[in-house]
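Asks: can't give you the sequence, but here's the structure:
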């Protein structure tokens, strides 16, 4: 997603549709926010979408709930289950910039548990019983 370019520790976005006007310098931004925002937004936005679908009583709200659960499990496992202490992964970069390993594990456990909770009982929407 981000690649090191140009020296001096500058990062450049690798997303084609979300390019920044110039390089992103970790020294001028808040690194913990930058590296942690992906996992947080990746869990909060699907939960908001599901909440809106539920409030509007959409018939497909169960799909939004399933997707929110998937995002919680995926991001929780990605952040909480990554045991690298340095390097190109988000967890490694968060630890390099001062995040505690315990906080990352707690984020991961909470995310996975919440995702599994959202998935619980969803089979009735995907596999309805054939009762008369």
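Replies: Yep, that arrived. Every value quoted in this text rests on a predicted model; they were computed, and no experiment measured them.
Asks: show me where this structure has helices.
Replies: 31-55, 61-80, 90-96, 101-119, 123-126 (DSSP state H).
Asks: in TSV: these, plus mean pLDDT.
Replies: Shown next, in TSV, are those (pLDDT from 0 to 100):
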stretch	mean pLDDT
helix 31-55	92
helix 61-80	96
helix 90-96	87
helix 101-119	95
helix 123-126	82
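Asks: just send those back as CSV, with mean neighbour count too.
Replies: C-betas here are computed from N, CA, C, even on glycine. Formatted as CSV, the helices of the chain follow (neighbours: other CB atoms under 10 Å):
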stretch, mean neighbour count
helix 31-55, 16
helix 61-80, 20
helix 90-96, 20
helix 101-119, 17
helix 123-126, 10
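Asks: quick one: stretch 118-130 to chain centroid distance?
Replies: 25 Å (CA atoms, centre = their mean, to the nearest Å).
Asks: stretch 30-40 now?
Replies: 10 Å.
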